[in-house]
Each structure stands twice: as C-alpha cells, then as structure tokens.
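Undergrad: structure for this input, please:
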Amino acid sequence: MTVSTQGLALKTGSQAWRSAVELLSSMRFAISLLTVICIASIIGTVLKQHEPLNNYVNQFGPFWTDVFGMASLFSVYSAWWFLLILAFLVTSTSLCVARNTPKILADLRSYKENIREQSLQAFGQRAQAELAEPAEPAAHRIGNLLVSGGWRVKLQRRETAQGTGWMVAAKAGAANKLGYIAAHSAIVLVCLGGLLDGDLIVRAQMLFNGKQVYKGGGLIADVPQQHRLSERNPTFRGNLLVAEGTQSSTAILNQSDGVLLQDLPFAIELKKFIVEYYSTGMPKLFASDIVIHDKVTGEKIEARTEVNHPVKHRGIEIFQSSFDDGGSSLRLRAQSLTGRSPTFELQGVVGGSSQLTNQVGLPGDQLTVEYTGLRVINVENFGSNPAEGVDVRKVDLREAMNAQMGAANKTKEQKNLRNVGPSVTYKLRDGAGQAREYHNYMLPVDMGEGVPVFLLGMRETPADTFRYIRVPADEKGSMDDFMRLSQALANPAMRDKAVQRYAAKAVDGKRPELSAQLSASAARALALFAGVPVGEQVTAVAGLQAISDFIEANVPQTERSKAGEVLVRILNGVLFELEQVAREQAGLPAFAPDARGQAFMTQAVLALSDVPLYPAPFVLTLEDFTQVQASVFQVARAPGKTVVYLGCALLIIGVFAMLYVRERRVWVWLAPETGGATTRASMAFSSNRKTLDSDQEFEHLKTRLLAWKE
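TA: Residues are numbered from 1 along each chain as shown. Prediction:
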C-alpha cells in the first residue's frame, strides 16, 4: 500500500469546506507547517530571546526593533502565531494518521492471496519452473520453507480446469508500515508536549482567568494577586534568584511585555553557593546547597543541585541555572582626578544606589551612583599583546581557525593567563536621567610597561566596549602620587614654582635672558597641558592634544616636528619638577629619577593627558568589599516532558522502521499439469525499495523454493 499525500475527501458540505478539510488533513500541508516551524525555531535559536528592549535597540536600531517586536521575534516560542502553527500541525498530522492508519492496518492483515496468475507476469522480479511433484505437496513444502525463513504465509486453494491449484502468499517486514504510524504519531506527541510545557496554559489563564502581566517595580510581596499564578498551575517555567542566607518561594516568568509571578508550594533557602573555576577563568562547577521548606508539611529537606543534576519536589524540578551577586556590600573611595572636588567615601550594595547632592564640589550637581556589579576574579590573557588585556572567556572563532589553518610554519600564540583581582562596575546618572557606566579594578595591573597601572574604564552605552585610563601606581601601590600631581597641575602657584625650578636647573645662572625665555616656554607648555588659556587663545582641550593644536596654529609646517620635540621635552622636565613640588608640600621625600621613576612619569604624562576626557567629576576606587553570592534557579513543572520523551522514542522507532525495514511480499502460483504428477510454478516478488539486498533475496528464494537452475 502506498501512503497517499491527499487529504480527507468529504462528500457533503460546501466546496470551500471540503477543500479546507482536504488541505488540512493532507500530508503536503503538514510538511509545509513543519517547515515553517523549523524556520521559526532557527530564528529563535539565532536571535536571543527575552532580552531587555535596550539590548535589541542597540543591536538592530529603533526601526528594526519595532518591526521584529511586532512579529514577536524576541519571544518566538511563546508568540501567538507560533502556537497557532503548532496547533494546526498537531491537527493536520493527527488527521493524516487517522486517515491512513485504517488502511495500513488493513494492509497489514491482508496477504493479497487473491491476485491472479496473469498479474504475476507483470512484476519485475518473476520466475517460472516445472516441479516434479503434485501441487498440494508443493504448496505445503514451499509454505514451510517460507515460514522457517521468517515469513508469514497463507495458502489458498483454487479450482481450475486442469484441477486444484494452490496460491502461496507470504509477507515480511510489516513493521515498515508501522514505522509510518509511529513517526507521525511522534510528531503529534512532541508538539502536544511543547504546547503543554509552553506558554499556552499561562496565556489561557491570562485570557480567561483575569491574570495580567506586571510592568512595575518594587517588592515581590507587594505585587497584587492578579499578577500571580496559583501554586496549582499545571505547567510553568520560571527563574528564582536566592542570595546566601535567604529564601524565596516566588518565581519570575518573563513575558514579552513584563513578568508574571509564580507562587511555589515550597520555599528554597540557599545555604551556600559553590563555584569552581578553570585556569582560563571560566567556571567549571556550579552547585548550590539548599534547604527546601515545604509549606504544607513544614518539612525541611536538604539537597544539592548542580548543572544537569536537578532536584525534584512536589512535581517541580529545581535546576541550577547560573549565579549572580546577592547584594555584596562595597566600600569605595571617591577621588577627583583634577582636584576640583573633595575626597569622600561611599558605602553601598550591588544592585542599590546612592544619591549625591552637592558632595562633588560643583554646586547644583545631583548625581546618583548605581552599583551594578562586583567581580572578584578577573582572569586575563597577557600572552599575545599585554596592552590589550584580552578576556579569555570570549569565543573568538577567527582566532581559533587561524590557530589551525594557514602556513605550516605558523606557531600558535602562547597564553599568559593571570588573575588581576577584583573589579567594580557602577553607573553615574545625572539629574536628567543620563548615565554612563564605569568599570574600575581594585588593584594595579602590571601591563609590562615598567610600572603597574590602575585601569579606570568608561563607556557611553552597553553596546560599547570599555575605554580605559591607565593611572600609574606609586611605590605603595596606590594612586595618591598621581592624584597629588594632578592636583598640583591645577594649582597656578605650584605650576609657577615648578617652572622656576626647571628653568634654574636647565640654564646657567650667568645667562638670565635664556632663563626668562625658557621659563616663558615652560609656563606656556604647562598651561596648555593643564587646559589654561594662553594669551588670546582659548582652547577647550588640554593635554598633549592642546600642545599639538598650539603648534599647528603658531609654527610653520616645516618647523613643527622640531618644535614639538622641544615642547614635549620641556613639558616632561617641568612635570618632573611639579611632582617634586607636590611631594615637598605633602612632606614626602624627593622623587627618585631612577628607571621606575621615569616609567612612572611617562605613564603619568599619558594619563594626565587623558584626564580631561574622563567625563566624571570623580573616580570610585574599591577599598573593601564583602561578597554575597546568589544562585539563579530555574523551577519548572513540565507535564509534557513525559509526552515528549514518548514521542522521541516513537520517532526513533518509526525512523528506523521506515529506513531499515523492507516490506517484502512473495507469491507462488502452483497449477497442476495434465495428470497431476507435475506442477507448473509461477513466482513473483515485490519490495517497497529496490536494492541489491532485494535482488539477492529474490535469487535466493528462486533457488530454494523452485530449485531454480539457469
């Protein structure tokens, strides 16, 4: 029997209704729906689902974000059109199975023993022979041989003009047809399981039970009941964040336009979160020691959940999804890089904020510090290019391919992995609501430049990468020396004193006219570097860029290179003296002009040149912290999982049955010759797939059943 691709053909009803039913129950329609489901699943895999809207705007822009949002591409698997297509696929495939199953079962029971002798001659694989035995013994002999070979046999007796003839009909490989039923039933079961474990039931509660998506903020305990799902909710999948030493019994179900809260019949308490790292800084183990507090019995159950090793209680599975900060306490020091605002300390917790009003030395400033993250371990790669500080946790496909391909003499770059210590991330938000994000390391990092540096990062938007100012560390491993130098640069009196010292050391005292000229040049260079207007020139820039602009505006092009070298040499000398003046005023010993001192001053000049570009009145450095870990659990009640498992098992059985089991049929017509002592045998063989195996089997049957000889 050949399975038809046509649908149910109704004999009643309008033409439109009959056509719709035929299309819906046809195999071609089911295949089309399955293709659409596969394409949608690819989109849902490539495009990250349920991300914050700002992430999509940064990645695709406002226009395409609106287009993708209207098509629900950011939540494909819960989109109404995806669920509708899935429902149609279930209906269409079910109708296909219902339409073809009776035919298949009838075909399985049929031996087709009524086939005529003339029809056997139309088969491609046929044979004839004369048997030296009567028809009835020959029929029983051939039937027994087929049965011993695993065939199912039926004998039919027919009366003919020559006498009594026998039809031997046999079949094997009937599981091939059952594979069709198993495979198509598997599709139905998998789709039903997906519908059960998807958002269909949650959406039904929102539609018929008055549940609404919550779009606000605040404490979970204050969220009204219409935004909460019952503990008896038959299916859900949500996230639960629990900090160490705390417990929670409410999961968050993310929706495209907000969240729903799922109350659990138990509370999860996190006793301890355990994380272990590889040498690359990637976590190799997430584990949580938890206590489950049952609300009904009051029982306390201790358990451990790991990745791929969930804990199950009351039909709800608790998965270890990821980890986060549970509200670590921070102590930070706020310092001005330019000395225009006082130094003060801040204390806060990750996830919280601090309001600053008139504390930064600029009247009218209203800033909010939002503490967004604490990272205790930062493993970076300093092997290939120490200046870049490559994060080895990223996946660099181009680098991985280049390591394996290309010239035979190319060697792989060696990695030098090093933990550079804790870092803190925060945002500074002004009164207008605009915010910039900052990322600062707690300890100085040795970048191979002769002196360790503090990395102070900043970015305008989350889509940008952090740009870092490298502030050199002093002999005590702090930024104090650099801060004194920066504050001295902003002090006119200290600048004048440094200029006088530099001129006195650089020029012989017997030539006062040269000393005056050098003092004027040094004062001009230092003022430009500090961003102070020189003469009638008013500049909005400072640092080395200001000196470059001054040279381009006042020096002929042919002499700019030489003039630049002279001014930079003078600037370095004056800044060295400015450092000495700052240390004297602080009561510290003189700055040593050794190799480390020279490296410090070189890096300090570059950092001072970048300070005017740092868009914050102060920088926050991490002084101390108390880390509090938190586990992110995924809690799921998935009744469709068993259905999906059954569907997968049927799919495997069905695919193997259809691919590796061949349905074969053989007929042998035994007609008695005149007198009945001999028999004329006509044999035909058919298989649902023409292969070399079927040819060999036919030859074997000819030889065995008919004693065939060429």
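Undergrad: domain map for the protein?
TA: Residue ranges for the domains of the chain, per automatic domain parsing: 15-107, 118-173+662-706, 208-234+236-324+630-637, 329-401+416-474+621-629, 483-617.
Undergrad: distance between the ends of the shortest one?
TA: In terms of C-alpha to C-alpha, to the nearest Å, the two terminal residues of domain 15-107 are separated by 31 Å.
Undergrad: do the fourth one as well
TA: Using C-alpha to C-alpha, the span of domain 329-401+416-474+621-629 from its first residue to its last is 11 Å.
Undergrad: now the third one
TA: Its start and end residues considered, domain 208-234+236-324+630-637 measures 21 Å (C-alpha to C-alpha).
Undergrad: what about that domain, distance to the chain center?
TA: 20 Å (C-alpha atoms, centre = their mean, to the nearest Å).
Undergrad: likewise the last one?
TA: A distance of 50 Å separates the C-alpha centroid of domain 483-617 from that of its chain, computed with C-alpha atoms, centre = their mean.
Undergrad: what of the first one?
TA: Mean-position distance between domain 15-107 and its chain equals 23 Å (C-alpha atoms, centre = their mean).
Undergrad: if you average the pLDDT over it, what comes out?
TA: Averaging pLDDT along domain 15-107 gives 84.
Undergrad: residues near Cys96, how many?
TA: Other residues near Cys96 come to 27 when the count uses other C-beta atoms under 10 Å. Glycine gets a C-beta too; all of them are placed from N, C-alpha and C.
Undergrad: next, the buried residues of the one helix or strand it maps to.
TA: Following DSSP states H and E, one finds Cys96 within helix 80-109. Buried residues in helix 80-109, counting neighbours by 16 or more other C-beta atoms under 10 Å, are found at 82-83, 85-86, 88-97, 99-101, 104, 107.
Undergrad: ok, stretch 129-141 next?
TA: Ala129, Leu131, Pro134, Ala135, Glu136, Ala138, Ala139.
Undergrad: and the third one, how far from Thr678?
TA: If I follow you right, that is Pro134. 8 Å (C-beta to C-beta, to the nearest Å).
Undergrad: intersection of neighbour lists for these two?
TA: Counting by C-beta atoms under 8 Å, 6 or more residues apart in numbering, the contacts common to Pro134 and Thr678 are Pro672.
Undergrad: hmm, back to that, and the furthest pair within the buried residues of stretch 129-141?
TA: Maximum pairwise distance in the buried residues of stretch 129-141, criterion C-beta to C-beta, is 17.0 Å, between Ala129 and Glu136.
Undergrad: show me what the strand ranked longest in the chain is packed against.
TA: Taking DSSP state E as the criterion, the chain has its longest strand at strand 258-277. On a contact count with 3 or more C-beta pairs under 8 Å, 6 or more residues apart in numbering; DSSP states H and E, strand 258-277 meets strand 228-229, strand 236-243, strand 247-255, strand 283-294, strand 316-325, strand 629-637.
Undergrad: could you say what helices and strands the last one packs with?
TA: Okay, so that is strand 629-637. Applying 3+ C-beta pairs under 8 Å, 6+ apart, one finds that strand 629-637 makes contact with strand 236-243, strand 258-277, strand 283-294, strand 316-325.
Undergrad: pipe those strands into TSV and attach mean neighbour count and mean pLDDT per row.
TA: Below are those laid out as TSV (neighbours: other C-beta atoms under 10 Å; pLDDT from 0 to 100):
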stretch	mean neighbour count	mean pLDDT
strand 236-243	20	91
strand 258-277	18	90
strand 283-294	17	89
strand 316-325	19	89
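Undergrad: output the ones you listed in TSV; the columns should cover distance to Ala432.
TA: Below are the helices and strands packed on strand 629-637 laid out as TSV (distance: least, C-beta to C-beta, whole Å):
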stretch	distance to Ala432
strand 236-243	31
strand 258-277	26
strand 283-294	39
strand 316-325	28
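Undergrad: for the stretch 251-400 of the chain, which spans come out with low pLDDT?
TA: Along the stretch 251-400 of the chain, the model assigns pLDDT under 70 to residues 279-281, 339-340, 357-365, 381-400.
Undergrad: let's see that with 50 instead.
TA: For the stretch 251-400 of the chain, applying pLDDT under 50 flags the ranges 361-363, 385-400.
Undergrad: the stretch 501-650 of the chain too?
TA: 536, 538.
Undergrad: try it again with 80
TA: Residue ranges of the stretch 501-650 of the chain with pLDDT under 80: 506-517, 531-541.
Undergrad: so where do the helices sit in it?
TA: Here the stretch 501-650 of the chain has its helices, by DSSP state H, counting those that start in this stretch, at 512-530, 543-554, 560-585, 595-610, 640-660.
Undergrad: following the helix holding Cys96, which helix or strand comes up?
TA: Following helix 80-109 in sequence, per DSSP H and E, is helix 117-120.
Undergrad: after that following helix, heading C-terminal, what element do we hit next?
TA: Immediately after helix 117-120, counting by DSSP H and E, sits strand 125-131.
Undergrad: quick one: strands adjacent to that following strand?
TA: Strand pairing for strand 125-131, determined by DSSP bridges: strand 679-687 (antiparallel).
Undergrad: after the strand it pairs with, next one along is what?
TA: Proceeding N to C from strand 679-687, the next assigned helix or strand is helix 692-706, under DSSP H and E.
Undergrad: in that next one, what's buried?
TA: Ser694, Glu697, Phe698, Leu701, Lys702, Leu705, Leu706.
Undergrad: and stretch 601-609, by the same measure?
TA: Met601, Gln603, Ala604, Val605, Leu606, Ala607, Leu608, Ser609.
Undergrad: again, but for stretch 611-627
TA: Val611, Pro612, Tyr614, Ala616, Pro617, Phe618, Val619, Leu620, Thr621, Leu622, Phe625, Gln627.
Undergrad: end to end on that stretch, go ahead and measure it.
TA: Termini of stretch 611-627 sit 31 Å apart (C-alpha to C-alpha).
Undergrad: surely Ala546 is in contact with Leu526?
TA: No: the pair Ala546 / Leu526 is not scored as a contact, 10.8 Å apart, by C-beta atoms under 8 Å.
Undergrad: thinking again about what came up before, and of the helices and strands packed on strand 629-637, who's closest to Trp17?
TA: strand 236-243 (38.4 Å).
Undergrad: now do that closest one: which elements does it pack against?
TA: Taking 3+ C-beta pairs under 8 Å, 6+ apart as the contact cut, strand 236-243 packs with strand 247-255, strand 258-277, strand 629-637.
Undergrad: now the ones you listed in a markdown table, with distance to Ala186?
TA: Output for the helices and strands packed on strand 236-243, formatted as a markdown table (distance: least, C-beta to C-beta, whole Å):
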| stretch | distance to Ala186 |
| --- | --- |
| strand 247-255 | 29 |
| strand 258-277 | 30 |
| strand 629-637 | 22 |
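Undergrad: and the ones you listed: which comes nearest Ile301?
TA: Nearest of the helices and strands packed on strand 236-243 to Ile301, taken as C-beta to C-beta: strand 258-277 at 8.5 Å.
Undergrad: any chance of JSON lines for the buried residues of stretch 129-141, columns pLDDT?
TA: Below are these laid out as JSON lines (pLDDT from 0 to 100):
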{"residue": "Ala129", "pLDDT": "90"}
{"residue": "Leu131", "pLDDT": "89"}
{"residue": "Pro134", "pLDDT": "90"}
{"residue": "Ala135", "pLDDT": "89"}
{"residue": "Glu136", "pLDDT": "90"}
{"residue": "Ala138", "pLDDT": "91"}
{"residue": "Ala139", "pLDDT": "92"}
